[in-house]
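In: Sequence first, predicted model second:
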Amino acid sequence: MRRRRFKEQENTAYYHLMSRTVNGEAWFGGREREVLRKIIWQVAEFSGVRVITYAVMKNHFHLFVEVPGERSVSDEELVRRYRILYPRPTAWQPMSADVLAEHLASGSSEGRDLRKALLGRMHDISYLMKTLKQRFSIWFNGSRERFGPVWADRFKSVLVEGDRWALRTVAAYIDLNAVRAGLVKDPKDYRFCGYGEAVGGGRLARAGLSIVDSDLAGYRQTLYGTGAGAREEKVSLSREEAVRVLMKEKGKLPLSVVLRCRVRYFTDGMVLGSPDFVNERIQSEEGAEKRSRKAHAMLGSDWGGLAVGTGLRKALFR
């Protein structure tokens, strides 16, 4: 299927991104997940995007990012970001940050070309994912003395409205991945997600989640649908029971329960936010005039008025 592309955002934009390994192979143990976690922060810093939260799993990862509307970058900032991604020359990038700084300061055509090429890789989710996945693939294949692709060809992306409730709901879905997979009972105990890293004192992770809630205790209430301190809170239904109620009985469940199911709205919904936001973004899509599309209300729970750009009538909850 052709990946949908939206017109360039003039203001800050938010995206939920997800990529899976080839054939869904569960290749990532603790070491691999830790390396990927570090690369996420490194590439995001180079790209000039802000990580709101993330989740690195055994065969896929989720990334929720804020892409700034302001695209100007000084030469000093460009060199700083370059040094983060290339702290020392490599076979793939032999130029050092000091040499880049000299080219930029000279005002030569070579310096201008280098600046244009580097800026073209920043503030762009496609280049962000390409750089991230390539860098991890090189490390992964080298560490296992293997060849071949690590990732499935495409990554999924959903444009999310910059509304606090929409951002918080998407972030919670991502941070609950390990709970959904049965790896932990509490997301704070999973070191490879934004919430777990933030609770552990991670400065960047805390800064990212501050976008959705200034207080981690308040965000925890979204994760659990109850008071911030209620660690012992249990989901009243199993995942299988929840899916049965949602799919077969067409019922509704508490949001905290539904977020523990695999909900395709978050990976295949195209756009997520208020109906007005979704309809506006659909109309701006390339070729939108050739198709009849409209915002679809999210089903199965009280989503606070959220809608998505695709109906997803089949296998919505898995």
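Out: Okay, I see it.
In: List the buried residues of the strand or helix carrying residue 126.
Out: Residue 126 belongs to helix 125-144 when elements are defined using DSSP states H and E. Across helix 125-144, burial judged by 16 or more other CB atoms under 10 Å covers 125, 128, 129, 131, 132, 133, 135, 136, 140. Using the backbone N, CA and C atoms, a C-beta is placed for each residue, glycine as well.
In: same question, stretch 167-184
Out: Buried positions in stretch 167-184, judged by neighbour count with 16+ other CB under 10 Å: 167-180, 184.
In: quick check: domain ranges of this structure?
Out: 75-121, 235-318 (automatic domain parsing).
In: Tell me how far the longest one lies from the chain's centre.
Out: The chain centre lies 18 Å from the centre of domain 235-318; the measure is CA atoms, centre = their mean, to the nearest Å.
In: residue ranges of the strands in the stretch 101-250 of the chain, please?
Out: Remark: strands assigned in the stretch 101-250 of the chain by DSSP state E, counting those that start in this stretch are 156-160.
In: now it, which segments are flagged as low pLDDT?
Out: For the stretch 101-250 of the chain, the stretches with pLDDT under 70 are 226-239, 242-243, 246-250.
In: hmm, back to that, which neighbouring elements make contact with the helix holding residue 126?
Out: When contacts are defined as 3 or more CB pairs under 8 Å, 6 or more residues apart in numbering; DSSP states H and E, helix 125-144 sits against strand 13-20, helix 30-47, strand 60-67.
In: Go ahead and name everything in contact with that helix.
Out: Contacts to helix 125-144, defined as CB atoms under 8 Å, 6 or more residues apart in numbering, come from residues 15, 17, 19, 27, 32, 35-36, 39-40, 42-44, 46-47, 49, 63, 65, 67, 85, 92, 120-121, 146-151, 155, 157.
In: at 7 Å what do you get?
Out: The contact list for helix 125-144 (CB atoms under 7 Å, 6 or more residues apart in numbering) reads 15, 17, 19, 32, 35-36, 39-40, 43-44, 47, 49, 65, 67, 121, 147, 150-151, 155, 157.
In: State the distance spanning the first to the last residue of stretch 207-218.
Out: 15 Å (CA to CA, to the nearest Å).
In: Equivalent analysis for stretch 119-128, please.
Out: Termini of stretch 119-128 sit 12 Å apart (CA to CA).
In: and the helix holding residue 126, how far from the chain's centre?
Out: Relative to the chain's own centre, helix 125-144 is displaced by 16 Å; criterion: CA atoms, centre = their mean.
In: quick one: contacts for residue 160?
Out: Residue 160 makes contact with 14, 15, 16, 166, 167, 170, 272, 273 under the criterion CB under 7 Å, 6+ apart.
In: Name the residues linked to it by a beta bridge.
Out: As for beta bridges, residue 160 partners with residue 14, residue 272 under DSSP bridges.
In: So for this protein, which residue is the most central one in space?
Out: Geometric centre of the chain, nearest residue: residue 63, 1.9 Å, by CA atoms, centre = their mean.
In: Contact partners for that one?
Out: 17, 40, 51, 54 are the contacts of residue 63 under CB under 7 Å, 6+ apart.
In: for the residues you listed, which one is nearest residue 277?
Out: Residue 277 lies nearest to residue 17 out of those, by CB to CB, at 18.7 Å.
In: From what I see, that closest one and residue 154 are in contact.
Out: No - using CB atoms under 7 Å, residue 17 is not in contact with residue 154; the gap is 11.0 Å.
In: More neighbours: the two, which one.
Out: Using other CB atoms under 10 Å as the criterion, residue 17 and residue 154 rank with residue 17 on top: 20 against 11.
In: which residues does the nearest residue to the more buried one once chain neighbours are set aside form a beta bridge with?
Out: Nearest residue to residue 17, sequence neighbours excluded (CB to CB, 6 or more residues apart in numbering): residue 63, at 4.5 Å. Listed by DSSP bridges, the beta-bridge partners for residue 63 are residue 17, residue 54.
In: mind checking how far residue 63 is from residue 12?
Out: Distance from residue 63 to residue 12, counting by CB to CB, to the nearest Å: 16 Å.
In: same check, this time on residue 95
Out: 31 Å.
In: what does residue 114 give?
Out: Distance of residue 114 to residue 12, given as CB to CB: 27 Å.
In: Could you check the pLDDT of the spatially closest residue to residue 207 that is not a sequence neighbour?
Out: Residue nearest to residue 207 in three dimensions, not counting chain neighbours: residue 50, with 7.7 Å by CB to CB, 6+ apart. pLDDT recorded at residue 50 is 97.
In: which ones are touching residue 50?
Out: Per CB under 7 Å, 6+ apart, neighbours of residue 50: 65, 66, 208.
In: what's the answer for residue 312, then?
Out: By CB under 7 Å, 6+ apart, the contact set of residue 312 is 264, 265, 268, 269.
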